[in-house]
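In: Predicted model follows, preceded by the sequence.
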Amino acid sequence: MNCYSLSLFVLSLTIGTTITLTSHHWLLAWIGLEINTLALIPIMTKNPHPRAIEAATKYFLTQATASALMLFSALINAWQTGEWMTSLLSNYPSTTLALALMMKLGLAPMHFWMPEVLQGIPLLSGLILSTWQKIAPMALLIQISESINLEFLFITGLTSTLIGGWGGINQTQLRKIMAFSSIGHLGWMIIILKLNPQLTLLNFFLYLVMTLAMFLTLIMNNSTKMLDISTVYAKTPPLAPIIMLTLLSLAGLPPLTGFIPKLLITLELVKQNAIILASLMMLISLLALFFYLRLTYIITLTMSPNNSNSISMWHFTTKVNSITTPLNTAALFTLPLTPSLMLML
């Protein structure tokens, strides 16, 4: 793709998200989301492969359906309350709008497009889809959190966490694993959305940091399946422990960064007398922990049956993005800063 075209599409992504975040009207929010969608599709198909075209088509149809639902909910709200602005007073429009935004995010049970689309596109496009594209829908979801039914959020969060853990167990493709990881993390965010939106925002920020760090390390090593990461240590020895620790952070093991949201959300659920729900969430998270540990086992505890005579990649000058090191540091060692993060919110 021409660098000028790529710059235009990246600028459109930025403008679309900015319009949605600064909008004071549902029509402006919808326009920002549409600009985001239309800007990402050419980035998905910059390598003209049939799988990329198929993934872009699935993504476009899903986002178009979600946008139609969003406009429909705004129309119903205007009809019932005479209000076009972001304050949803009726239960039906707020639930419909939440469904539309959850479809854009890839939450269960509207998650079916997410693993297939992420698998069919390059790692860089998958990075944008898993991080930047979720900012605008999540911001809108947090704004309308007071109008959404609490039981609906609990059921959606539990389902997403279950599917995110269950779906990733038998996967061998890293992009599909990251897709199910995204679904599981979004389930943790949604289940606490109405009770403590600030905690959802903190969880979302930490998810962005950890997912960015994971995708950037995969891009550095050009890894798309388990077989690729099994030879990371032979190719680039310093990268193997970084990938292992980032995966454990995504799994939520202490004392890594990913433990922060799970601890705070569990404490908040117990504080709200939802002890059974907190226990279910912790039990379901063991499913996701299994496939994260499976990946770390492949990286660090297995060796190739035969040694290669070729010179390892780390002997050469490796192109390292300047943002990779601080992102990996933040994705691993932010736990001591938890009180400061809570004060900022």
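Out: Structure received.
In: Report the buried residues of stretch 253-264.
Out: 253, 256-262, 264 (16 or more other C-beta atoms under 10 Å). For the C-beta atoms, the positions are set from N, CA and C on the backbone; glycine is no exception.
In: Tell me which of the residues you listed fall in helices.
Out: Judged by DSSP state H, the buried residues of stretch 253-264 include 259-262, 264 as members of helices.
In: same for the helix or strand where residue 198 lies, what does it pack against?
Out: Residue 198 belongs to helix 197-221 when assigned by DSSP states H and E. Packed against helix 197-221, as judged by 3 or more C-beta pairs under 8 Å, 6 or more residues apart in numbering; DSSP states H and E, are the following elements: helix 123-130, helix 135-143, helix 174-191, helix 226-229, helix 239-251, helix 259-271, helix 324-332.
In: give me the number of residues near residue 342?
Out: Using other C-beta atoms under 10 Å, residue 342 is surrounded by 13 other residues.
In: Tell me the pLDDT of it.
Out: Here, the pLDDT recorded for residue 342 equals 81.
In: quick one: residue 35 and residue 14 touch, right?
Out: No: in this structure residue 35 lies outside contact range of residue 14 using C-beta atoms under 8 Å: 9.7 Å.
In: which of the residues in the longest helix along the chain are buried?
Out: The residue-count maximum for a helix in the chain (DSSP H) belongs to helix 50-81. Neighbour-count burial for helix 50-81 flags 52, 55-56, 58-60, 62-63, 66-67, 69-70, 73-74, 76-77 (criterion: 16+ other C-beta under 10 Å).
In: Please apply the same query to stretch 282-299.
Out: Within stretch 282-299, judged by 16+ other C-beta under 10 Å, the buried ones are 284-285, 287-288, 291-292, 294-296, 298-299.
In: Just the ones in helices from these, please.
Out: 284-285, 287-288, 291-292, 294-296, 298-299.
In: Stretch 111-124: end-to-end distance?
Out: Start-to-end span of stretch 111-124 (C-alpha to C-alpha, to the nearest Å) is 21 Å.
In: for stretch 124-138, same thing?
Out: With C-alpha to C-alpha, one end of stretch 124-138 sits 21 Å from the other.
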